[in-house]
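> This is a predicted model, with the sequence first.
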Amino acid sequence: MAEIILARHGETEWNVEEVFRGRLDIELNETGIKQAELLAKYLSERKIDAIYSSPLKRAVKTAEIIAGYHKLDVEITPGLIDFDCGEWHGLSRQEVKDKYKKLYALWVSHPDKVKLPEGESLNDVRKRAMSVVDNVVAKYEGTVVLVAHRVVNKVLICALLGLDNSHFWNIKQDICGITTFSYENGQFILTRHNDTSYLRPIHRAPLDDF
């Protein structure tokens, strides 16, 4: 049996400001580093066989802090990189609402039908991210941590639950939260979702799903 822990990276200033991050290489802020340290301590007594990360700094830093407790190298994989937002990169949510009214309305109502201008669709994300999961469960029988991003993890959670991408907005994973699946006999089973119990020392209300 294998276990997959889907971890979302710690906070950045653009999470707080609700700016579309995508492939832009934004670093963790001070709170994000504290969150990653609390997550790492929470996982420190678990036996972890491997840690994979998106190549972006905010994910890599989170993964490296976790790896520090386990004497593991972080495996960087492009399959976990954040959603390619195309023309939305670096724009605030309000700017996108104003400039791309119809497309943003479709994104909110039917995200599975959207391909962002010069960017990706959720199906593009699903194909590349699931290839990482498939490779991991074929290679390991223990616990593997995948450190990625909001969109990537939400899409993966849908996929592992057997849901299509139309259910994207039915799932939330908070910043630096973890969602855990076991894998046995060819089936993924959700065992824990959006656990952020270890972040209580920060005394911070969760941000919106953005």
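Looks like it came in fine.

> Show the residue spans covered by the strands in the chain.
Assignment of strands within the chain using DSSP state E yields the ranges 2-8, 50-53, 74-76, 143-148, 178-184, 187-195.

> Roughly how far does residue 192 sit from residue 5?
Residue 192 is 9 Å from residue 5, where distance means C-beta to C-beta, to the nearest Å. In this view, the C-beta of every residue, glycine as well, is placed from N, C-alpha and C.

> can you check residue 173 too?
Distance from residue 173 to residue 5, by C-beta to C-beta: 12 Å.

> swap in residue 163?
The spacing between residue 163 and residue 5, counted by C-beta to C-beta, is 19 Å.

> And residue 88, by the same measure?
Separation of residue 88 from residue 5 (C-beta to C-beta): 29 Å.

> swap in residue 97?
Distance of residue 97 to residue 5, computed by C-beta to C-beta: 34 Å.

> Neighbour count for these two, which is higher?
Between residue 97 and residue 5, counted using other C-beta atoms under 10 Å, the more crowded position is residue 5 (22 against 15).

> Which residue comes closest to that one once chain neighbours are left out?
Excluding its sequence neighbours, the residue lying closest to residue 5 (C-beta to C-beta, 6 or more residues apart in numbering) is residue 145, at 4.6 Å.

> ok, back up a step: now the common contact residues for residue 192 and residue 5.
Between them, residue 192 and residue 5 share these contacting residues under C-beta atoms under 8 Å, 6 or more residues apart in numbering: 178-180.

> Distance of the spatially most central residue of the chain relative to residue 62?
Central residue check for the chain by C-alpha atoms, centre = their mean: the C-alpha nearest the mean position is that of residue 149, 2.7 Å away. Applying C-beta to C-beta, the value for residue 149 to residue 62 is 10 Å.

> What segments of this structure are helices?
Ranges of helices within the chain are 13-17, 30-43, 57-67, 93-99, 101-109, 122-139, 150-160, based on DSSP state H.

> burial count for residue 198?
18.

> same deal with residue 35?
By the measure other C-beta under 10 Å, the count of residues near residue 35 is 28.

> I figured it hits residue 175, correct?
Yes - with contact defined as C-beta atoms under 8 Å, residue 35 reaches residue 175; the gap is 6.7 Å.

> list the residues that contact both of the two?
Residues touching both residue 35 and residue 175 by C-beta under 8 Å, 6+ apart: 10-11.

> which residues are common contacts for residue 149 and residue 62?
With C-beta under 8 Å, 6+ apart as the test, residue 149 and residue 62 both reach residue 9.

> hey, which of the strands of the chain is tucked in deepest?
Ranked by mean neighbour count, those are led by strand 143-148 with a mean of 27 (mean count of other C-beta atoms under 10 Å).
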